[in-house]
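Visitor: A predicted structure for the sequence below; I have some questions about it.
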Amino acid sequence: SQQGEEDPQALSIQEGENATMNCSYKTSINNLQWYRQNSGRGLVHLILIRSNEREKHSGRLRVTLDTSKKSSSLLITASRAADTASYFCATDGRSQGNLIFGKGTKLSVKP
Amino acid sequence: KAGVTQTPRYLIKTRGQQVTLSCSPISGHRSVSWYQQTPGQGLQFLFEYFSETQRNKGNFPGRFSGRQFSNSRSEMNVSTLELGDSALYLCASSLSQPGAPLHFGNGTRLTVT
């Protein structure tokens, strides 16, 4: 069963613009992770935010976490064509031993 | 460090056959997880192995099984294949710490005809 739900399902922007993707989840979590998947390949870990953190940065990535709303957002600033990929959130829930992934946001960055 | 290696990359099988997929984790990673990815269902957790023992299992029928060897390499097997088993099967390895990021292979694309 899906724990996280990303929104929007698809996003198309121009190079240089910012891209924001949202994730909502259902149960209490230990941490939330974001992954990127290029077409037909495996997922690549981008960033992890723990349940006691509210914001985290890594390069052009900014992640926020609101545990009261059970939601997270991923912001990619100054996007590039190479950022074109699907982005997934994954939760490590307190009652489960494995990561559960949402269905992803498909980001298209046009040059 | 070499990444996670999955073989074969592509596989075409017929309904009713069985298939075995292989995964070699990153050196030093003792946890191996398997996921099935389809357009309709997204990424679904199959099972996780740690030190040759199945630690977690997803909601899949008994036709899906796996194992892990003493060198942490893992295999998954699907018996009596159905058309709906067509998917990208992803293996991921990680350190055994809680919340440790998963390192994925590029997957095995299974097509059942």
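Guide: Now that the structure is in, tell me what you want to look at.
Visitor: ok, the residue of chain A at minimum distance from chain B - contacts?
Guide: The nearest approach of chain A to chain B comes at residue A:42, 3.4 Å away (CB to the nearest CB). The way it works is simple: take the backbone N, C-alpha and C, and place the C-beta from them, glycine included. Residues counted as contacts of residue A:42 (CB atoms under 8 Å, 6 or more residues apart in numbering or on different chains) are B:4, B:90, B:92, B:104-107.
Visitor: per-residue pLDDT, the closest residue to residue A:10 other than its chain neighbours?
Guide: Distances taken as CB to CB, 6 or more residues apart in numbering or on different chains place residue A:106 nearest to residue A:10, at 4.6 Å, with adjacent residues excluded. On pLDDT, residue A:106 comes in at 96.
Visitor: do residue A:1 as well
Guide: In the predicted model, residue A:1 carries a pLDDT score of 47.
Visitor: just grab the bridge partners of residue A:72 for me.
Guide: On DSSP bridges, the residues paired with residue A:72 through beta bridges are residue A:23, residue A:65.
Visitor: coming back round to it: please read off the pLDDT at the residue of chain A closest to chain B from the model.
Guide: In the predicted model, residue A:42 carries a pLDDT score of 93.
Visitor: skipping its backbone neighbours, what lies nearest it in space?
Guide: For residue A:42, the nearest residue in space outside its immediate sequence neighbours is residue B:104; the separation is 3.4 Å by CB to CB, 6+ apart.
Visitor: contact partners for that neighbour?
Guide: With CB under 8 Å, 6+ apart as the criterion, the residues that contact residue B:104 are A:35, A:42-44, B:4, B:90-92.
Visitor: which parts of chain A are strands?
Guide: If DSSP state E is used as the criterion, the strands of chain A fall at A:5-7, A:10-14, A:19-24, A:29-37, A:43-50, A:55-58, A:61-66, A:71-76, A:85-93, A:100-101, A:105-110.
Visitor: for chain B, same thing?
Guide: For chain B, the strands defined by DSSP E cover B:5-7, B:10-13, B:19-24, B:31-38, B:42-50, B:53-57, B:64-68, B:74-78, B:87-94, B:103-104, B:108-112.
Visitor: any chance of the ones you listed in JSON lines with mean pLDDT as columns?
Guide: Compiled in JSON lines, those are given as follows (pLDDT from 0 to 100):
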{"stretch": "strand B:5-7", "mean pLDDT": "97"}
{"stretch": "strand B:10-13", "mean pLDDT": "98"}
{"stretch": "strand B:19-24", "mean pLDDT": "98"}
{"stretch": "strand B:31-38", "mean pLDDT": "96"}
{"stretch": "strand B:42-50", "mean pLDDT": "94"}
{"stretch": "strand B:53-57", "mean pLDDT": "92"}
{"stretch": "strand B:64-68", "mean pLDDT": "97"}
{"stretch": "strand B:74-78", "mean pLDDT": "98"}
{"stretch": "strand B:87-94", "mean pLDDT": "97"}
{"stretch": "strand B:103-104", "mean pLDDT": "97"}
{"stretch": "strand B:108-112", "mean pLDDT": "98"}
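Visitor: switch those strands over to a markdown table; also include distance to residue A:14.
Guide: Putting the strands of chain B into a markdown table (distance: least, CB to CB, whole Å) gives the following:
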| stretch | distance to residue A:14 |
| --- | --- |
| strand B:5-7 | 35 |
| strand B:10-13 | 35 |
| strand B:19-24 | 39 |
| strand B:31-38 | 29 |
| strand B:42-50 | 28 |
| strand B:53-57 | 42 |
| strand B:64-68 | 43 |
| strand B:74-78 | 42 |
| strand B:87-94 | 30 |
| strand B:103-104 | 29 |
| strand B:108-112 | 32 |
